[in-house]
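I'd like to go over a predicted model; first the sequence, then the structure.
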Amino acid sequence: MVKTIRNAFLFAAAVHILYGIVQVVSGMLLTMWYVPKIVDAYSSKQGMESQVSFGVMSSPSVWLYVLTFTGSAALYAFVLQPLRQRWVNRRSRS
(Lines give C-alpha, C1' and ligand atoms only; values in the text may rest on other atoms or scores of the structure.)
Protein backbone atom coordinates (compact mmCIF):
# COMPACT_ATOMS: atom_id res chain seq x y z
CA MET A 1 0.00 0.00 0.00
CA VAL A 2 2.78 2.46 0.91
CA LYS A 3 4.66 1.54 -2.26
CA THR A 4 1.58 2.28 -4.38
CA ILE A 5 1.08 5.68 -2.73
CA ARG A 6 4.75 6.56 -3.18
CA ASN A 7 4.69 5.49 -6.82
CA ALA A 8 1.47 7.44 -7.38
CA PHE A 9 3.03 10.65 -6.06
CA LEU A 10 6.18 10.07 -8.12
CA PHE A 11 4.03 9.52 -11.22
CA ALA A 12 2.07 12.72 -10.56
CA ALA A 13 5.26 14.72 -10.04
CA ALA A 14 6.77 13.29 -13.22
CA VAL A 15 3.65 14.21 -15.22
CA HIS A 16 3.75 17.79 -13.95
CA ILE A 17 7.50 18.17 -14.54
CA LEU A 18 7.17 16.74 -18.05
CA TYR A 19 4.30 19.14 -18.77
CA GLY A 20 6.43 22.09 -17.65
CA ILE A 21 9.36 20.99 -19.79
CA VAL A 22 7.13 20.60 -22.85
CA GLN A 23 5.69 24.09 -22.30
CA VAL A 24 9.15 25.68 -22.04
CA VAL A 25 10.54 23.87 -25.08
CA SER A 26 7.51 24.62 -27.25
CA GLY A 27 7.66 28.30 -26.23
CA MET A 28 11.34 28.44 -27.16
CA LEU A 29 10.70 26.81 -30.55
CA LEU A 30 7.76 29.09 -31.33
CA THR A 31 9.87 32.12 -30.42
CA MET A 32 12.76 30.98 -32.62
CA TRP A 33 10.53 30.30 -35.64
CA TYR A 34 8.33 33.42 -35.35
CA VAL A 35 8.47 35.67 -38.41
CA PRO A 36 6.45 38.89 -38.08
CA LYS A 37 4.44 40.17 -41.03
CA ILE A 38 5.50 43.75 -41.63
CA VAL A 39 2.57 44.42 -43.99
CA ASP A 40 -0.07 43.66 -41.33
CA ALA A 41 1.71 45.41 -38.46
CA TYR A 42 0.00 48.81 -38.93
CA SER A 43 -3.54 47.40 -39.11
CA SER A 44 -3.07 45.32 -35.96
CA LYS A 45 -1.67 48.39 -34.16
CA GLN A 46 -4.84 50.35 -34.96
CA GLY A 47 -7.00 47.55 -33.59
CA MET A 48 -5.02 47.30 -30.37
CA GLU A 49 -5.23 51.05 -29.75
CA SER A 50 -9.00 51.25 -30.29
CA GLN A 51 -10.12 48.13 -28.40
CA VAL A 52 -9.98 48.03 -24.63
CA SER A 53 -10.62 44.90 -22.60
CA PHE A 54 -12.28 45.13 -19.23
CA GLY A 55 -12.19 42.46 -16.59
CA VAL A 56 -9.90 40.81 -14.12
CA MET A 57 -6.78 38.89 -15.07
CA SER A 58 -5.86 36.07 -12.76
CA SER A 59 -3.45 33.19 -12.81
CA PRO A 60 -4.59 29.63 -12.13
CA SER A 61 -5.33 28.90 -8.50
CA VAL A 62 -3.16 26.71 -6.32
CA TRP A 63 -6.20 24.47 -5.97
CA LEU A 64 -6.06 23.70 -9.68
CA TYR A 65 -2.50 22.44 -9.25
CA VAL A 66 -3.51 20.36 -6.20
CA LEU A 67 -6.50 18.94 -8.12
CA THR A 68 -4.41 17.90 -11.14
CA PHE A 69 -1.69 16.45 -8.91
CA THR A 70 -4.23 14.43 -6.92
CA GLY A 71 -6.02 13.36 -10.11
CA SER A 72 -2.86 12.05 -11.74
CA ALA A 73 -1.87 10.26 -8.53
CA ALA A 74 -5.32 8.64 -8.38
CA LEU A 75 -5.02 7.67 -12.06
CA TYR A 76 -1.82 5.82 -11.29
CA ALA A 77 -3.05 4.22 -8.05
CA PHE A 78 -6.46 3.06 -9.28
CA VAL A 79 -5.93 2.45 -13.01
CA LEU A 80 -2.32 2.10 -14.09
CA GLN A 81 -1.00 0.16 -11.09
CA PRO A 82 -3.72 -2.56 -11.24
CA LEU A 83 -3.25 -2.88 -15.01
CA ARG A 84 0.51 -3.22 -14.60
CA GLN A 85 0.04 -5.77 -11.82
CA ARG A 86 -2.36 -7.80 -13.98
CA TRP A 87 0.15 -7.72 -16.85
CA VAL A 88 2.99 -8.88 -14.56
CA ASN A 89 0.83 -11.75 -13.21
CA ARG A 90 -0.04 -12.90 -16.73
CA ARG A 91 3.62 -12.85 -17.78
CA SER A 92 4.69 -14.83 -14.73
CA ARG A 93 2.07 -17.56 -15.40
CA SER A 94 3.30 -18.09 -18.97
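Happy to help now that I have it. Numbers count the residues shown, from 1 in each chain.

And for residue 84, the neighbour number?
12 (other CB atoms under 10 Å). For the C-beta atoms, the positions are set from N, CA and C on the backbone; glycine is no exception.

Report the separation between it and residue 23.
28 Å (CB to CB, to the nearest Å).

Please name every helix or strand in contact with the helix or strand that contains residue 31.
Here residue 31 sits within helix 2-33, counting by DSSP states H and E. Using 3 or more CB pairs under 8 Å, 6 or more residues apart in numbering; DSSP states H and E, the elements in contact with helix 2-33 are helix 62-75, helix 81-93.

Between helix 81-93 and the first one, find me the angle.
Regarding helix 62-75 and helix 81-93, their directions subtend 20 degrees when assessed with axes from the mean of the first three to the mean of the last three CA atoms, to 10 degrees.

coming back round to it: right, so the helices and strands packed on helix 2-33: which one is the most enclosed?
With neighbours defined as mean count of other CB atoms under 10 Å, the helices and strands packed on helix 2-33 peak in mean count at helix 62-75, which reaches a mean of 13.

same for that helix, what does it pack against?
Helix 62-75 packs on helix 2-33, going by 3+ CB pairs under 8 Å, 6+ apart.

what's the spacing between the residue sitting nearest the centre point of the chain and residue 2?
Residue closest to the average C-alpha location in the chain (CA atoms, centre = their mean): residue 19, at 4.0 Å. Distance from residue 19 to residue 2, counting by CB to CB: 26 Å.

And the residue nearest to the centre of the chain, how close does it get to residue 64?
Distance from residue 19 to residue 64, by CB to CB: 13 Å.

which residues does the closest residue to residue 9 other than its chain neighbours contact?
Excluding the flanking residues, the one nearest residue 9 by CB to CB, 6 or more residues apart in numbering is residue 73, at 5.7 Å. By CB atoms under 8 Å, 6 or more residues apart in numbering, residue 73 lies in contact with 8-9, 11-12.
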